[in-house]
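# I would like to see how this sequence folds:
(chains A and B)
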Amino acid sequence: MEYEQGKAQSLKGLFNDAGSLSTPDLREHIVEELYRKSGELAQAGVTFTKSTRDEKTEKLDRIFTSKIFGFPIMLLLLGIVFYVTIAGANVPSAMLANFFGVLEGYITMGFEKVGAPDWLHGILVLGLYRGTSWVISVMLPPMAIFFPIFALLENYGYLPRVAFNMDRLFKIVGAHGKQSLTMAMGFGCNAAAVMSTRIIESPRERMLAILTNNFVPCNGRWGTLIVLASLFLAGSFAGGARLFIATSVIVGLVLFGIIMTFAVSWALSKTLLKGVPTHYTLELPPYRRPKVVDVVIRSSLNQTLSVLIRAVKVAAPAGVLTWVLANIMVGDTSILLHIVGFLDPFGKMLGLDGYILMAFLLGLPANEVVLPILLMGYLSTGAMVDMDGISGLKRILIEHGWTWVTALNMMLFSLLHYPCGTTMVNIYKETKSLKWTFLSFLIPTVIAIAVTFAVARIAGGFGIL
Amino acid sequence: MTGTYRIALAGNPNTGKSTLFNLLTGLKQHTGNWAGKTVDMKAGYFSHKHKEYEIIDLPGTYSLYSNSIDEEVARNYIVFEKPDITIVVLDATSLERNLNLALQVLEMTDRVIIAINLMDEADKRGIVIHEQILMKRLGVPVIKISSRNRTGIEMLLDTIDRFVSGAITTEPLKVVYDAVTEEKIVSLAEKAERIFQGELPARWIALRLLDGDERLMAEIAKRFAGRVEDGVRTGQGAVAERSF
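From the prediction side, this is the model:
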């Protein structure tokens, strides 16, 4: 026993000694030496009789992961993907909206024929049907373009290179390089991305990835961002220039979201989630010619459909709820307008208005419905508007006092605000902690309010508002 | 000494570790749950030349620091459970990256056999591996195998047999770090050696402690606390016997 106690004490002494001798860069030295030694051994013990080195991959890697060209190429590809998405989505989107509009006419005729009451037609057609068809016509085309392109880049082997390029930046802010992969996932769906953070082994860095994933705009927000960007910020330009500017605005927003990710990761790893990033091995697979048909079909079927089905599931009840709120009167105004009136002063402070805040609140279950709910509120007809006339939409917004600052702030709020309901449920499932789930709500919300407030003040100061 | 020898299989993911495991054990497997962790490790049995072996398939990892539960479980098994042999399975087609893990295992134990797997794939790609050179440099047996094509397995089994019979002595390569780090390692390892008396690899413990491996510290403290209780219960533990 005496001996054992003596041992316990010296064990503590040993740990203390180690602590005082330890330096933060020690791991670097260790890993470096191990790699050097492995290289030396492989050099001595392995020879290649065929030219087995994948020269094509090495050449491409020299370009894609180059210190000079790596980031510009990433930006360029990002721009191209969005440009193609925005440019390509317009026409099919209008066609779908038209189709649903025509179909609605027939459905209404059917309701009249069987003598259905007005409220039933209101809930089912003006609420449910319009809500769902709006989501489908606005979201389906960009998704059907964006997801397959993204899947092709992934299949080609480019995404791991993005992670490689970003790794250094993530390390600087104390996060894990694999976070860039979970971010890429976030472009599709934040809720899925939160699950994908499982690829990060260290709990600390995983939490960073979970808490900041929301700063990547998900598919549900693309609709809002793309429509607003092309509507307002680029409104006075024609044709190609307009597309170019809309694309630049979106790319700018994405970059801003990424900067936020870094800033928040950095701040967290200096405060609540202290620690140094762990090392990991990132395999850079050889570049492969993507199986185009396979990938396109698989991604449009799986990803696009599953996201869309989820959106429709949420959009349908939200459409019903909005219609009900707008049609039940308390005093001489509807519940919807009461809410709007209550939120308006705060909204104005942020360069937004009561309608916009209400839309974000009602849109908690899914970001897809924020813009439709907003338009429904503005028209106060109790039903979402048809989307076929994009100029009509612009007129409505301007009538409600919108300027480009309103549009910019709504885009910023959409980019930065709290994650959607599904994402928060997933965050709780993955972290099993109410505290972290609440923080995942609080941090982005505070940032969204601060940023939009600042933009509104600055714009107000210059007299633009 | 008779009884069952214990073998641990370590290696990077996708090195054919499990194929080798299945090949050696056939159907004699069960899933073990080790060290109170939720990571499942498969254990199996086989016999060769009248010797019985238990073989444990450790989780596939790229390193053996405490980055993840997988790494911790694999690491703890090698260091604390001290298998008779740890076979490090390497991928012949990317030996350089795989050797990293081998070097880490060699720091933890000298009872190591290195099996270079996927030789069929390497042959196809024109990769020639000079196992004699590697053996000389690494100081442990290096065997080329293909568990898919069942080549080199006899050689591996014979090496295992000669290893546990004491016919093979190893002198594992120790990686030497920069002068500053070495100085720290040596001074810390001396203290560690005084405490652990050869029970744990002192140099490796020193290295990990210098790296601030808190999980390892907790594990040592935990296992040590368990010992104290044992000591109380049995009066005289094996530890005390060895150390006096």
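
# Where does residue B:56 sit: helix, strand or coil?
Following DSSP: H, G, I helix; E, B strand; the rest coil, residue B:56 is assigned to strand.

# That one is in contact with residue B:6, isn't it?
Yes - contact criterion CB atoms under 8 Å: residue B:56 and residue B:6 qualify, at 7.0 Å. (Glycine included, C-beta is placed from N, CA and C.)

# Give the residues shared as contacts by those two.
Listed contacts common to residue B:56 and residue B:6 are residue B:83; contacts here mean CB atoms under 8 Å, 6 or more residues apart in numbering or on different chains.

# And the two? Which one has more around it.
residue B:56 (22 against 18; other CB atoms under 10 Å in any protein chain shown).

# Could I get the contacting residues of the more buried one?
Contacts for residue B:56 (CB under 8 Å, 6+ apart) come out as B:6-9, B:32, B:34, B:41-43, B:77, B:83.

# Any of those residues buried? List them.
B:6-9, B:34, B:41-43, B:77, B:83 (16 or more other CB atoms under 10 Å in any protein chain shown).

# could you point out where chain B is predicted with low confidence?
Along chain B, segments meeting pLDDT under 70 span B:1-2, B:27-40, B:66, B:225-244.

# Pop the domain breakdown of it in here.
B:4-164, B:179-243 (automatic domain parsing).

# okay, how far is it across the longest one, tip to tip?
Just to be clear, that refers to domain B:4-164. 11 Å (CA to CA, to the nearest Å).

# Secondary structure class of the residue nearest to the spatial centre of chain B, three-state.
Centroid-nearest residue in chain B: residue B:86, 3.6 Å away (criterion: CA atoms, centre = their mean). Residue B:86 carries the three-state label strand when classified by three-state DSSP.

# now it: how far from residue B:48?
When CB to CB, to the nearest Å is applied, the distance between residue B:86 and residue B:48 equals 17 Å.

# do the same with residue A:133
From residue A:133 to residue B:48 the distance is 70 Å (CB to CB).

# Likewise for residue B:54?
From residue B:54 over to residue B:48 (counting by CB to CB), the distance is 13 Å.

# out of those two, which sits in the busier spot?
Neighbour count, other CB under 10 Å: between residue B:54 and residue B:48, residue B:54 has more, with 19 against 16.

# roughly how far apart are that one and residue B:168?
For residue B:54 relative to residue B:168 (CB to CB), the value is 20 Å.

# Over to residue A:118?
For residue A:118 relative to residue B:168 (CB to CB), the value is 91 Å.

# and those two? which has more neighbours close in?
residue B:168 (16 against 10).

# Checking my notes, the more buried one in a helix, right?
No - judged by three-state DSSP, residue B:168 forms no part of a helix; its state is coil.

# That one: what's its closest spatial neighbour, skipping adjacent residues?
residue B:162 (5.2 Å; CB to CB, 6 or more residues apart in numbering or on different chains).

# for whichever helix or strand that neighbour is part of, which positions count as buried?
Element membership of residue B:162 [criterion: DSSP states H and E] is helix B:153-164. Residues of helix B:153-164 classed as buried: B:153, B:156-157, B:159-161, B:163-164 (neighbour count, 16+ other CB under 10 Å).

# likewise stretch A:256-274?
Residues of stretch A:256-274 classed as buried: A:256-258, A:260-262, A:264-266, A:268-269, A:273 (neighbour count, 16+ other CB under 10 Å).

# I would like the residues contacting it, please.
Counting contacts by CB under 8 Å, 6+ apart, the residues outside stretch A:256-274 that touch it are A:169-170, A:172-175, A:179, A:183, A:204, A:207-208, A:211-212, A:215-217, A:275, A:412, A:415-416, A:439, A:443, A:447.

# Buried ones among these?
By 16+ other CB under 10 Å, these give A:169-170, A:173-175, A:179, A:183, A:204, A:207-208, A:211-212, A:215-217, A:412, A:415-416, A:439, A:443, A:447 as buried.

# which SS class is the closest residue to chain B within the stretch 101-250 of chain A?
Residue nearest to chain B within the stretch 101-250 of chain A: residue A:201 (3.3 Å; CB to the nearest CB). Of the three states, residue A:201 takes coil under three-state DSSP.

# circling back to that earlier point, including secondary structure and distance to residue B:191, could the buried ones among the contacts of residue B:56 go into CSV?
Shown next, in CSV, are the buried ones among the contacts of residue B:56 (DSSP: H, G, I helix; E, B strand; the rest coil; distance: CB to CB, whole Å):
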residue, secondary structure, distance to residue B:191
B:6, strand, 29
B:7, strand, 32
B:8, strand, 28
B:9, strand, 33
B:34, coil, 29
B:41, strand, 32
B:42, strand, 37
B:43, strand, 35
B:77, helix, 25
B:83, coil, 26
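
# just the residues you listed that are near chain A?
Among the buried ones among the contacts of residue B:56, not one lies near chain A by CB under 8 Å from any CB of the partner chain.

# returning to that earlier point: which of the domains of chain B is buried the deepest?
When these are scored by mean count of other CB atoms under 10 Å in any protein chain shown, the highest mean neighbour count falls to domain B:4-164 (a mean of 19).

# can you give me the strands in chain B?
Using DSSP state E, the strands of chain B run over residues B:4-11, B:29-33, B:40-48, B:51-57, B:85-91, B:112-117, B:127-129, B:142-144.

# I'm done for today, thanks for sticking with me.
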